[in-house]
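1. I would like to see how this sequence folds:
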Amino acid sequence: MRDLVSKFLRYGVTGGIAAIVDAGGFALLVNAKLSILAAGCLSFCIAALVNYRLTSRFVFNREATLRGLAAFTAAALVGLMVNVGVTLLGVFTMGLPPLAAKLMGIGTAFVVNFFINLRFVFHREA
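-> Predicted coordinates:
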């Protein structure tokens, strides 16, 4: 249990760093006159690469591989769907303000992604 909590906390750190890379990269790219769509996609991709590299090493003590990156990206897309789904449910079903619903979506997706990465992406056979 202690190892699980430790991984969860380290996963939070790597996710926070990736969020800073995403937001900072987005701001820089928009200021460089890239379209919002292009800047958003590019900053997300760069942040995903950073996040995968940090998560594989710092959280799960694994080598980064192309196959691992593909699995990690698939998990991130599941997390994106959970994030958006929970956000929409929060706004349109529960009547929450959009920001509150978005924070609920982020938190839910964070937990879902952690367990997908733990059980599938970085799982080691016993």
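
2. Return the longest helix in this protein, judged by number of residues.
-> helix 2-31 (DSSP state H).

3. and the gap between Ile36 and Leu80?
-> Look at Ile36 and Leu80: by C-beta to C-beta, to the nearest Å, they are 17 Å apart. Bear in mind the C-beta positions are built from the backbone N, C-alpha and C, glycine included.

4. which of the two has more neighbours?
-> The residue with more neighbours, out of Ile36 and Leu80, is Leu80; 14 against 10, by other C-beta atoms under 10 Å.

5. List the residues that contact the more buried one.
-> Ala109 (C-beta atoms under 8 Å, 6 or more residues apart in numbering).

6. tell me which element it falls in.
-> Element membership for Leu80 (DSSP states H and E) is helix 66-92.

7. Could you tell me which residues within that helix count as buried?
-> 68-69, 71-72, 75-76, 79, 82-83, 86-87, 90-91 (16 or more other C-beta atoms under 10 Å).

8. after it comes which helix or strand?
-> From helix 66-92, the next helix or strand downstream (DSSP H and E) is helix 98-116.

9. what distance separates that next one from the middle of the whole chain?
-> Between the centre of helix 98-116 and the centre of its chain there are 9 Å (C-alpha atoms, centre = their mean, to the nearest Å).

10. For that helix, give me every contacting residue.
-> Contacts for helix 98-116 (C-beta under 8 Å, 6+ apart): 7-8, 11-12, 15, 75-76, 78-80, 82-91, 94, 96.

11. 7 Å instead, please
-> With C-beta atoms under 7 Å, 6 or more residues apart in numbering as the test, helix 98-116 has contacts from 8, 11, 15, 75-76, 78-79, 82-84, 86-87, 90-91.

12. Tell me the buried residues in that helix?
-> Neighbour-count burial for helix 98-116 [16+ other C-beta under 10 Å]: Ala101, Lys102, Met104, Gly105, Ile106, Thr108, Ala109, Phe110, Val112, Asn113, Phe114, Ile116.
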